[in-house]
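> no sequence for this one, just the structure:
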């Protein structure tokens, strides 16, 4: 069982559409991170959210940390083909030290 | 470019063999992490070193071992290799050892065991 559950597992949309990826857990996290990974490369950190209820924006990407610090979401507005990749959420629960990753959401944006 | 380097990029070997993967962290980073990524298991944390000392252990098999040297580079040793060890192995680094520290990943080593 994954500590962090991501949904959906796969997402295929047309260029210009919006999408949301979810990351949920029953554990409380001191912070959550979002990474994007392209085929054959290592994950690249997009953002870290640390405060419950926090919203961070990175151009067309909006990240939200749940009030209870158990969940997070990533929303992409007007998706572009360059947004294609594997999106991973990661965090260390408050009672643990190690960083755990969700299984990831594979996003494909068709031109 | 994250600043983390890993060698080799690709490695093909046979079952029962032993291999060594190498990682150089970003300049200034004291902590090194090793991860295994396979299609069915996702990204799994193996082990973390901080300034030469083992800091945290994940789902690392007894056949695997790692160390961090005084110059802070790290090596992951995989022995008695099995077909199921075929995967991407990533190294990541961060400035300190805290759980909230942002990690920067290398490009990975793709290991194929035949």
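Structure received. The model shown is predicted, which means the values in this text are computed figures rather than measured ones.
> which bits of chain A sit near chain B?
A:2, A:30-31, A:33, A:35, A:40-45, A:48, A:50, A:88, A:92, A:96-104 (Cβ under 8 Å from any Cβ of the partner chain). C-beta coordinates here come from the backbone N, C-alpha and C atoms, glycine included.
> where along chain A do the strands fall?
Ranges of strands within chain A are A:5-7, A:10-14, A:19-24, A:29-37, A:44-49, A:55-58, A:61-65, A:71-76, A:85-93, A:100-101, A:105-110, based on DSSP state E.
> want to throw those into a markdown table with mean pLDDT and mean neighbour count?
A markdown table is the format used below for these (pLDDT from 0 to 100; neighbours: other Cβ atoms under 10 Å in any protein chain shown):
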| stretch | mean pLDDT | mean neighbour count |
| --- | --- | --- |
| strand A:5-7 | 95 | 16 |
| strand A:10-14 | 96 | 13 |
| strand A:19-24 | 97 | 19 |
| strand A:29-37 | 92 | 23 |
| strand A:44-49 | 93 | 18 |
| strand A:55-58 | 96 | 13 |
| strand A:61-65 | 97 | 20 |
| strand A:71-76 | 97 | 21 |
| strand A:85-93 | 91 | 24 |
| strand A:100-101 | 88 | 22 |
| strand A:105-110 | 96 | 17 |
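> turn those into a markdown table, columns for distance to residue B:7.
Compiled in a markdown table, the strands of chain A are given as follows (distance: least, Cβ to Cβ, whole Å):
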| stretch | distance to residue B:7 |
| --- | --- |
| strand A:5-7 | 31 |
| strand A:10-14 | 33 |
| strand A:19-24 | 32 |
| strand A:29-37 | 20 |
| strand A:44-49 | 20 |
| strand A:55-58 | 31 |
| strand A:61-65 | 32 |
| strand A:71-76 | 32 |
| strand A:85-93 | 24 |
| strand A:100-101 | 24 |
| strand A:105-110 | 28 |
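> count of neighbours near residue B:93?
Counted with other Cβ atoms under 10 Å in any protein chain shown, residues neighbouring residue B:93 total 26.
> who does it bridge with?
residue B:32, residue B:104 (DSSP bridges).
> just give the number of residues close to residue 81.
I'll assume chain A. By other Cβ under 10 Å, 10 other residues sit near residue A:81.
> please refer instead to chain B.
A count of nearby residues for residue B:81, using other Cβ under 10 Å, gives 20.
> nearest residue to it in space, please, no chain neighbours.
Distances taken as Cβ to Cβ, 6 or more residues apart in numbering or on different chains put residue B:113 closest to residue B:81, at 4.8 Å, once the chain neighbours are dropped.
> so how far is residue B:63 from the one you found?
For residue B:113, the distance to residue B:63 equals 12 Å [Cβ to Cβ, to the nearest Å].
> fine by me, thanks again.
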